[in-house]
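# Just to be clear, the model below is a prediction. Sequence and coordinates:
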Amino acid sequence: MQKSKLDQFFSIPAAAVLMAIVCNVLWGSAFPFIKLGYRLFAIDSADTASILCFAGVRFMIGAALVWLAGLALNHRPLPMPRGKTLASACGLGLWQTAAQYFFYYSAVALLTGAMGGILNSTQSFMGVILAHFLYGNKDRLTPRKALGCALGFGGVLVATLGNHGGGSVKGMVFMLIASVIFALAGPWNKAVTQHADSFSVSVLNLGVGGLALAVLGFAMGGSLHPQSAAGIPVLLFLAFISGAGYVIWALLMKNNPVSRIAVFGLIIPIMNVLLSALLNGEPLFEWNYLAALVLVCIGIFLVNRAPQTQETKA
């Protein structure tokens, strides 16, 4: 079965590292593209209703893309979970997609890419620490992992030297809340995908969460009116990011220790700041990012070189 082949592929350490990088590069590009989308759809930072509409439509399109990808790979409609597994997958959608992105999208409108990237990176460390308490010796926080996380976060700080960004206190609080929700969703996602197809879980996650956001946004009086022809391609690209990202993340969570994968979130703020400079005109200091990339890579290396006897699959 295709699912079995995918599970085997994502269980290979080198493949897991590669796909974790791809996933977080995609997610790292989301922040600046969302801000670009706000401009192209003329959505003001105070227009919470339209922000929710934008988020909800993006995730529903993403769910449709995942469903089509699953159909193409399996040559048949995706098998949907039933009973408690179905309820859990829908609950995950309300938590990981609706709740997280309610705060995340609101924060994007209130923060620059640099500040948002710094705050969003905290989800990586939360995931590693949370895995230690949930899985004990199966996924524990070793001194080497701790050092890797510390160096990675140091890289994030170096990346923003002289470019601390800005934003409101409300935006900062919202981004931290979104990071907490994301970290807590990791083990939940891992548990659900043990009992259901990863593509199906991603469809429900994105679809249910996106529908909840869209219904809330339109009920509050929100609307979507692209002001440029570029608005639709940007929205479709964001939908692709969410669809591909959720499937890859679900497969990574299912087949690897949470802490090994969570640390790759350190890539997200680097991408945030680089693309924010390119797309949204934020300042860029190249020497900062060269130094940051070195520190992040060393941190990732240390986490993934942890003794295998201490890091068996959860």
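Cool, the structure landed. Numbers count the residues shown, from 1 in each chain.

# All the helices of the stretch 1-150 of the chain, residue numbers only.
2-11, 13-40, 48-74, 83-92, 100-110, 113-120, 122-135, 143-159 (DSSP state H, counting those that start in this stretch).

# Return the residues in contact with the residue lying closest to residue 303 once chain neighbours are set aside.
Leaving aside its sequence neighbours, residue 303 sits nearest to residue 148 (CB to CB, 6 or more residues apart in numbering; 4.0 Å). For the C-beta atoms, the positions are set from N, CA and C on the backbone; glycine is no exception. For residue 148, the contact set (CB atoms under 8 Å, 6 or more residues apart in numbering) comprises 263, 298-303.

# try it again with 7 Å
Going by CB atoms under 7 Å, 6 or more residues apart in numbering, residue 148 touches 263, 299-300, 302-303.

# Please narrow those to those residing in helices.
With DSSP state H as the criterion, helices contain 299-300, 302-303 from among the contacts of residue 148.

# Distance to residue 291 and neighbour count added to those, as JSON lines?
Formatted as JSON lines, these follow (distance: CB to CB, whole Å; neighbours: other CB atoms under 10 Å):
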{"residue": "299", "distance to residue 291": "13", "neighbour count": "25"}
{"residue": "300", "distance to residue 291": "15", "neighbour count": "23"}
{"residue": "302", "distance to residue 291": "17", "neighbour count": "21"}
{"residue": "303", "distance to residue 291": "19", "neighbour count": "28"}
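
# farthest-separated two in the residues you listed?
Taking CB to CB as the measure, these span a maximum distance of 7.4 Å, between 300 and 302.

# show me where the stretch 151-300 of the chain has helices.
Under DSSP H, counting those that start in this stretch, the stretch 151-300 of the chain gives helices at 169-192, 198-219, 231-255, 258-262, 267-280, 286-304.

# Out of these, which is the most enclosed?
Comparing the helices of the stretch 151-300 of the chain by mean neighbour count (mean count of other CB atoms under 10 Å), helix 258-262 comes out on top with a mean of 27.

# quick one: average pLDDT of it?
Mean per-residue pLDDT for helix 258-262: 72.

# Over to stretch 154-164?
Across stretch 154-164, pLDDT averages out at 65.

# Could you number the chain from 10 rather than 1 from now on?
Yes, from this point I'll number from 10; that puts the last item at stretch 163-173.

# Find the nearest non-adjacent residue to residue 256, please.
Excluding its sequence neighbours, the residue lying closest to residue 256 (CB to CB, 6+ apart) is residue 211, at 4.8 Å.
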